[in-house]
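Peer 1: Below are the sequence and a predicted model; questions follow.
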Amino acid sequence: MWIADNWNDYEVLDCSDGEKLERWGDYILVRPDPQVIWNTPRLREEWEHPNGHYHRSKTGGGEWEFFKLPEQWQIHYNDLTFNLKPFNFKHTGLFPEQAVNWDWFSHKIKTASRSVKVLNLFAYTGGATLAAAKAGAQVTHVDASKGMVTWAKENAASSGLSDAPIRWLVDDCGK
């Protein structure tokens, strides 16, 4: 198993009883995770004073409860900057566990003896798109949500990649 261990701005601090305690930059979040099936003691004090806690509803969905959490903030991975904001289905706009994949394909792109073109389908807020562009690839970023593509463009600008060869498409990848 490869582990995304190059993060400075993200870490899982603890997990218990269907939830994980995470640090996203300067902020602590508690979010549900169905893979956390054990119920260990919650000894870390951060459990008692998070900046945000997503409460899953018994009927589906859920809602955030916030404690001194800005509407949006940034975290960094290597030379990339991501704008985060919690939205109504427990996500923050980034899947940090994917960084191991970004590292792997970035190395492949940088060491290729030719130019590389990348097609990123279901591209969300652009983590893979930005990593590939930063490594030197020409990227086509496709997501069905105009809001997600806009957010990805904001992440590109925050990462200094506004002029990178990225083609932004709002379209249904399943068509």
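Peer 2: Nice, I can see it.
Peer 1: Going by neighbour count, list what's buried in stretch 167-175.
Peer 2: Buried residues in stretch 167-175, counted by 16 or more other C-beta atoms under 10 Å: W168. Backbone N, C-alpha and C define where each C-beta goes, glycine included.
Peer 1: Could you give the separation of it from the chain centroid?
Peer 2: 20 Å (C-alpha atoms, centre = their mean, to the nearest Å).
Peer 1: Extract the C-alpha trace of it and format it as PDB.
Peer 2: This file holds the C-alpha atoms of stretch 167-175, laid out as PDB (Å, rounded to 0.1, in the frame of the first residue of the first chain):
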ATOM      1  CA  ARG A 167      -8.600  22.900 -20.900                       C
ATOM      2  CA  TRP A 168     -11.700  23.200 -18.600                       C
ATOM      3  CA  LEU A 169     -14.900  21.400 -19.700                       C
ATOM      4  CA  VAL A 170     -18.200  21.300 -18.000                       C
ATOM      5  CA  ASP A 171     -19.800  18.200 -19.300                       C
ATOM      6  CA  ASP A 172     -21.200  14.800 -18.400                       C
ATOM      7  CA  CYS A 173     -18.500  12.200 -18.600                       C
ATOM      8  CA  GLY A 174     -21.000   9.500 -19.000                       C
ATOM      9  CA  LYS A 175     -22.300  10.800 -22.400                       C
END
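Peer 1: In this structure, what residue spans correspond to helices?
Peer 2: 99-111, 127-135, 146-158 (DSSP state H).
Peer 1: What is the neighbour count of W24?
Peer 2: By other C-beta atoms under 10 Å, 23 other residues sit near W24.
Peer 1: wait, it sits on V12?
Peer 2: No - under the criterion of C-beta atoms under 8 Å, W24 is not in contact with V12, lying 10.6 Å apart.
Peer 1: What ranges does this protein have for its strands?
Peer 2: 10-16, 19-24, 27-32, 52-56, 62-66, 73-77, 80-84, 117-120, 138-143, 166-170 (DSSP state E).
Peer 1: State the distance from L80 to S159.
Peer 2: 5 Å (C-beta to C-beta, to the nearest Å).
Peer 1: Tell me the residues that contact both of the two, please.
Peer 2: Contact criterion C-beta atoms under 8 Å, 6 or more residues apart in numbering; residues shared by L80 and S159: 130, 134.
Peer 1: hmm, back to that, let me know which of the strands of the chain is the nearest to N155.
Peer 2: In terms of C-beta to C-beta, the element of the strands of the chain nearest to N155 is strand 80-84, at 5.4 Å.
Peer 1: what residues does that closest one touch?
Peer 2: Contacts of strand 80-84 (C-beta under 8 Å, 6+ apart): 24-25, 72-76, 92-94, 125, 127, 130-131, 134, 151, 154-155, 158-159.
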